[in-house]
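Undergrad: Turn this into a structure:
(2 chains)
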Protein chains: 2
Amino acid sequence: MNNTQSTHSVTFAPEGRSITVMKNSSLIQAVRKAGLHINASCGGAGVCGKCKIIIEQGAVLGGESEKLSQKDYNNGYRQACTTEIIEDVTVRIPEESGRQKGGLSTDIPPRHRARMHVFNIDDLKKAGIFYPPVEKLRLELLKPTANDNRADVGRLIQGLADQHNKHRLVTDLPVLRKIRRALREKDFLVTVTLEQPVNNRSKCHLLNIQPGRWDHRNFGLAVDIGTTTIYGVLIDLHSGKILAKSSCYNPQMSYGEDVIARIIYAEKPKGLVMMQELVVESINGLINDMLSEVTLPGDDNKSSPIDRDEINSITIAGNTTMTHLFLQLEPDNIRRSPYVPVSTFFPPMRAADLGLELKRHCAALLYPAISSYVGGDIVAGVMGSGMYRTEQLTLFIDVGTNAEIVIGNREWLACAACSAGPAFEGGGITHGMRAVEGAISDFSINPETLEPMNITEGNKAPIGICGSGLLIIVATLFEHGIVNPSGKFNDIDTPRIRKGRSGMEYVLAWEDECAADHDIVLNEVDIDNFIRAKAAIFAGVATLLDQVGLQVGDLEQIILAGGFGSFIDLDSAMTVGLLPEVDPDKILYVGNGSLMGAWMSELSNHIRQDVVSVVRKMTSFELSEVPGFKDQYVASIFLPHTDLSLFPNAGKRFATCPPPSGRKHFRS
Amino acid sequence: MNNTQSTHSVTFAPEGRSITVMKNSSLIQAVRKAGLHINASCGGAGVCGKCKIIIEQGAVLGGESEKLSQKDYNNGYRQACTTEIIEDVTVRIPEESGRQKGGLSTDIPPRHRARMHVFNIDDLKKAGIFYPPVEKLRLELLKPTANDNRADVGRLIQGLADQHNKHRLVTDLPVLRKIRRALREKDFLVTVTLEQPVNNRSKCHLLNIQPGRWDHRNFGLAVDIGTTTIYGVLIDLHSGKILAKSSCYNPQMSYGEDVIARIIYAEKPKGLVMMQELVVESINGLINDMLSEVTLPGDDNKSSPIDRDEINSITIAGNTTMTHLFLQLEPDNIRRSPYVPVSTFFPPMRAADLGLELKRHCAALLYPAISSYVGGDIVAGVMGSGMYRTEQLTLFIDVGTNAEIVIGNREWLACAACSAGPAFEGGGITHGMRAVEGAISDFSINPETLEPMNITEGNKAPIGICGSGLLIIVATLFEHGIVNPSGKFNDIDTPRIRKGRSGMEYVLAWEDECAADHDIVLNEVDIDNFIRAKAAIFAGVATLLDQVGLQVGDLEQIILAGGFGSFIDLDSAMTVGLLPEVDPDKILYVGNGSLMGAWMSELSNHIRQDVVSVVRKMTSFELSEVPGFKDQYVASIFLPHTDLSLFPNAGKRFATCPPPSGRKHFRS
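TA: Numbering: from 1, shown residues only, chains lettered A, B, ... in the order given. Okay, the predicted model is just below:
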């Protein structure tokens, strides 16, 4: 397909701003991409009829609406959200759709998402640390003779020393029982599966022995047990390639959305066993899915599936509660002051002993945790993101109900957990929801009329507001002086702002534009919850920096992890004071750092060994016990912060933003 | 009871030799104790009527016989074997009962058994090495606070470091799962069960945790899996005391008497599993027996039984085949050249994984072996006898079907196995048998008449000849010139020596004196088998000495182990050339060295750690592959040896022994 067929240009009259969009994009997407505002309450679902746009040149598909008169239609009016671009067009946004008088339209900032950090096996190879913790090694041994009648095991051990420089082995009875036959079946050519030592003072574990040559068939799994979602990858440990990925909801969700609810459930009779079984079954399901979808080129170019036997290791990361539930360790003290987990280090295990449908030679490694609320997922993130080996002073944040913060670099690390509350996951917000279809995730406003442009996940009629949408909405309302630094609405005369059940509220979408049976609003209690959440995180960062004698300005890099991290609009985050103000180029998004860390540990025993020293290195702060945290928190429950010197750019934006035309007076 | 009541003197007229015997001894026992000969074919069973003795003074009980006329009885004649001594007596052995003309009687040498080496816990205590491999340690921990909310496991580990200087711990999931409750049940007072590291580079294993104080309750087991008999002891690891002992036949006996037969059985379908189950069930039976018979003083002076839970370790020793069968390792290559066992080292295990009815926290240690025919029983014997730490050049021999030989001291060790054949266990001997009731185990001869004095186990009518009897019979026949250095009978005119089915033979007992339906004889084939057996052992010793550049004269100590060792008459053994000639005081008998070694390993991790270095230090020689062994063997198939300079005393005895009166000529 050539360029003229796959993309089209859209020119906005009268000024002539022009952009290129993919063929079949909708016109509202083109508007958003151009950094323009167009009123749109219904998220692009074609319901509200507000995003009227005029086609000045070129043909489009669709765009009819009962909210559009035949006359308008004949004059080129279309509904932007349901109009499909099929050739180069010139369009114009009419004033009634939010165009500013005398201007093109309200410019809305492009969304700055963090740069994505992508893990690459070649990096490990270049660094010379691509050697999986569980290796397969081929051995060709001499046959016993009268002058050399060492025991089979002695012969094997000597062979590993001579041919692979492997020393200090330990094994177990089931393997001992296999050795005699394995050696003799293919004339003393065997492949052994070895688990490398966890540290220099540990031993190699001889996990398995197979007759013949199998050193090219070595597979591993990495799993992240998230509170909401469980992710797995199947890895070819010989090549380092990912062969399959899979994920599923964590079925414990049915027994409680957050870790506290899960712990409470686990305290019921048989609750803990049930919690464990649910997650074990899910992981077994992921393994089955991934195994069934992969075939590799085998001998004679026939494709060969991967046998369950050939999975030799699994690395699992999760937060401290998820890890406890998975291991059937009673988690109840995690939720009770002084928040004591059973364990933060977990001994090397066998996958089969954990109920996983893997063979008994398959090693299982659980990522160690730091404390009850800084878990193995964060440690894995620090490993997976490379934070543990960077020289730059880095802030690592995984934002969720509990935001975990790590500050430091290769030399030192400090961490803390902030109880942010569920606002970023849509919890505690009147019309909050998860980032699924119908969730408002992008937003702009016509500063004159205060008419919104809501963009929803999947361009469906809005159902509610997800975390990333909430951030953008609050930042936008604040930037435009609609909400003051205390999070209260200024008294502005517009139907969009009204008194509701929980203080003043802004109506994002009217009931008839929604897929909900009510108006979708954001009220002052919601904003307050949001501010408290962002304040908890920022105060955590500030306190932790203070504890190590540094300041926000010293940060050289920010790493965002977790599902929410990728959707954070960086400008909005700095506007509201969620993230410290730094050059957006210094912000990196690592996606599921927990999974990435688990996966890297599968590929490099060097990294697996480093985990221990990273954990030992990491100083954990219990924020509630740190003097000064409370002051930091109080100072942070403003937009963006009481100390504007920390947010010079946000301060500037706030100062220069034109007051809305309907504004009457500011409330303080 | 005072002295006059419990013992009596027996004076032998006319010369007046006098001895003291226990009250109620039989007169034949008194004769034997006096070092005198009296004819006695029937082993002291009162059948043959040959041991007539005259009571000259004092009263006796019993001694009647139908072989004794009323007249003789009235004249004081009694049958020595059925006469009970009830007061001081003077007796006379008449010429017809074997008294030499003109002399008191034929002097027969006292039997020199080796000094018994007795293991004493105080030796370990004095040496400062009484600390069991599995310890119980009490810990009083601080409760968590907001400022000290380490994980439970971290708190425990720190407590072990601070209070007991224990570092580098590892544990497993079942223990992790118990820690939380255990800590809190008795207010953070707990007792942990720790397995010490096997070597300095290994880790401590946290095997168990109990709430409260239990460090005084720690019990262990030591087991010797013998081919014939399984022995067990139950040990209080806190005091070091033996609480119970038990033994049973190895039920594998029903499937083959020796290791080769067992291996062949194990090669049948399900044979190996069956062999394993038999021995596991037997050990379980021993454990039950011992547990049921012991109670200890508990709290409040109430006696408390020992709970199965309180057994924390078991150490097991056995020969290489027994160990393979117990672990279900295929033993078939042990019996086939080049005699390759599956393994000689065995990893630390859990008793429960071996099928033993012990809790999963109970550690199991298997004694390592050296080779297919120098097994863990011998290694345990070297440990248990203290050979591994002596400075004296020591020869350790365990005589059985396979005699194992170890030579060396604390600096170095060399070992070999000799296939002696079953002669010492009564196998391959026409009327050979095990040392049970009715087995001829002591013997002397009237050199004039060649009439025997047979003494049997239990003073029962003879059924056959056991190993220790065989040794004494051959030595006696040889000393008296009845059998020549080649093991052939000299041509002597007496009804006791006759031509039988397998060459010439000596009739030890006539059919009507026996509990067998035939005469009991020793023939030239039997003697040849005996000589081959002793030659194999002596040639092994000589070859091993030769390999390390030493000579018999360099030996400073001989340690005898195994059931047979305690019954060996040292003079006879040197007369026939089974043992090298040394001062009998230098010979030590350790009994069941295998059990003793297992038991010492239960009590001292120092010894358990030393085992590894002892095994590494021990050079194993495959005698059949050593040039010179065959020559040594050929030189040894004479009585005592072709090189009489090796046996100066035996040579002397042989040279000075008067020829039997009935002798005609020597056959060569």
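
Undergrad: drop to CA atoms for contacts and neighbour counts, all remaining ones
TA: Fine.

Undergrad: Tell me which residue of the stretch 501-650 of chain A lies closest to chain B.
TA: For the stretch 501-650 of chain A, the residue closest to chain B is residue A:625, as judged by Cα to the nearest Cα, at 7.2 Å.

Undergrad: contacting residues for that residue?
TA: B:146, B:147 (Cα atoms under 8 Å, 6 or more residues apart in numbering or on different chains).

Undergrad: Residue A:231 now?
TA: A:223, A:224, A:225, A:245, A:246, A:247, A:248, A:286, A:595 are the contacts of residue A:231 under Cα under 8 Å, 6+ apart.

Undergrad: Name the nearest of the residues you listed relative to residue B:532.
TA: Of all the contacts of residue A:231, residue A:223 has the smallest distance to residue B:532: 67.5 Å, by Cα to Cα.

Undergrad: From the contact counts, what lies against the helix or strand harbouring that closest one?
TA: Assessed by DSSP states H and E, residue A:223 sits inside strand A:219-225. Packed against strand A:219-225 by the contact rule (3 or more Cα pairs under 8 Å, 6 or more residues apart in numbering or on different chains; DSSP states H and E) you find strand A:229-236, strand A:311-318, helix A:593-603.

Undergrad: Show me the one of those that comes nearest residue B:293.
TA: Comparing the helices and strands packed on strand A:219-225 by Cα to Cα, strand A:311-318 comes nearest, at 47.6 Å.

Undergrad: Distance from the chain centre to the following helix or strand past that closest one, please.
TA: As assigned by DSSP H and E, the chain's next helix or strand after strand A:311-318 is helix A:320-327. In terms of Cα atoms, centre = their mean, to the nearest Å, the centre of helix A:320-327 is set 19 Å apart from its chain centre.

Undergrad: same thing with stretch A:505-516?
TA: A distance of 29 Å separates the centroid of the chain from that of stretch A:505-516, by Cα atoms, centre = their mean.

Undergrad: Check which residues of that stretch are buried.
TA: A:505, A:506, A:507, A:508, A:509, A:510, A:511, A:513, A:514, A:515, A:516 (16 or more other Cα atoms under 10 Å in any protein chain shown).

Undergrad: How about the residues of the stretch 551-668 of chain A by chain B?
TA: residue A:625 (Cα under 8 Å from any Cα of the partner chain).

Undergrad: can you pull out the strands in the stretch 551-668 of chain A?
TA: Assigned strands in the stretch 551-668 of chain A, in chain order: A:557-561, A:587-589, A:618-621, A:663-665 (criterion: DSSP state E, counting those that start in this stretch).

Undergrad: Kindly report the same for the stretch 151-300 of chain A.
TA: Under DSSP E, counting those that start in this stretch, the stretch 151-300 of chain A gives strands at A:169-170, A:189-195, A:204-211, A:219-225, A:229-236, A:242-249, A:295-297.

Undergrad: and the second one, which strands flank it?
TA: Applying DSSP bridges, strand A:189-195 is found paired with strand A:134-140 (antiparallel), strand A:204-211 (antiparallel).

Undergrad: Contacts only, for residue A:537.
TA: So residue A:537 contacts A:403, A:418, A:419, A:420, A:578 (Cα under 8 Å, 6+ apart).

Undergrad: quick one: which helix or strand includes residue A:545?
TA: Per DSSP H and E: helix A:524-547 holds residue A:545.

Undergrad: For that helix, C-alpha coordinates in CSV please.
TA: The C-alpha atoms that make up helix A:524-547 are tabulated as CSV, following Å, rounded to 0.1, in the frame of the first residue of the first chain:
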residue,chain,number,x,y,z
GLU,A,524,-15.3,18.9,45.0
VAL,A,525,-15.1,15.7,47.1
ASP,A,526,-13.7,13.9,44.0
ILE,A,527,-11.2,16.6,43.5
ASP,A,528,-10.3,16.5,47.2
ASN,A,529,-9.8,12.8,47.0
PHE,A,530,-7.6,13.3,44.0
ILE,A,531,-5.6,16.0,45.7
ARG,A,532,-5.1,13.8,48.8
ALA,A,533,-3.9,10.9,46.6
LYS,A,534,-1.4,13.0,44.7
ALA,A,535,-0.3,14.7,47.9
ALA,A,536,0.4,11.4,49.5
ILE,A,537,2.7,10.5,46.7
PHE,A,538,4.4,13.8,46.4
ALA,A,539,4.9,14.1,50.1
GLY,A,540,6.4,10.6,50.0
VAL,A,541,8.8,11.6,47.4
ALA,A,542,9.7,14.8,49.2
THR,A,543,10.1,13.1,52.6
LEU,A,544,12.2,10.3,51.1
LEU,A,545,14.4,12.9,49.4
ASP,A,546,14.6,14.8,52.7
GLN,A,547,15.7,11.7,54.5
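
Undergrad: you'd agree residue A:587 is up against residue A:559?
TA: Yes: counting by Cα atoms under 8 Å, residue A:559 is a contact partner of residue A:587 at 5.8 Å.

Undergrad: Who has more neighbours out of those two?
TA: Shown here are residue A:587 and residue A:559; by other Cα atoms under 10 Å in any protein chain shown, residue A:559 has more neighbours (29 against 22).

Undergrad: Check whether the more buried one really touches residue A:396, as I assumed.
TA: Yes: between residue A:559 and residue A:396 there is a contact under Cα under 8 Å: 4.6 Å.

Undergrad: Could you list the residues of the stretch 251-400 of chain A in contact with chain B?
TA: So the stretch 251-400 of chain A meets chain B at A:327-330, A:337-344, A:347-349, A:371 (Cα under 8 Å from any Cα).

Undergrad: so of the residues you listed, which ones are in strands?
TA: residue A:349 (DSSP state E).

Undergrad: Just the ones of the residues of the stretch 251-400 of chain A next to chain B in helices?
TA: residue A:327 (DSSP state H).

Undergrad: what's the burial count for residue A:571?
TA: Residue A:571: 22 neighbours (other Cα under 10 Å).

Undergrad: wait, doesn't it sit right on residue A:111?
TA: Yes: Residue A:571 lies in contact with residue A:111 (Cα under 8 Å); the separation is 7.4 Å.

Undergrad: Just flag the most distant two among the contacts of residue A:537.
TA: A:419 and A:578 (13.9 Å).

Undergrad: quick one, what contacts the residue sitting furthest away from the middle of chain A?
TA: Largest separation from the mean C-alpha position in chain A: residue A:146, at 62.6 Å (Cα atoms, centre = their mean). Neighbouring residues of residue A:146 by Cα under 8 Å, 6+ apart: B:337, B:338, B:339, B:625.

Undergrad: let's see 7 Å
TA: residue B:338 (Cα atoms under 7 Å, 6 or more residues apart in numbering or on different chains).
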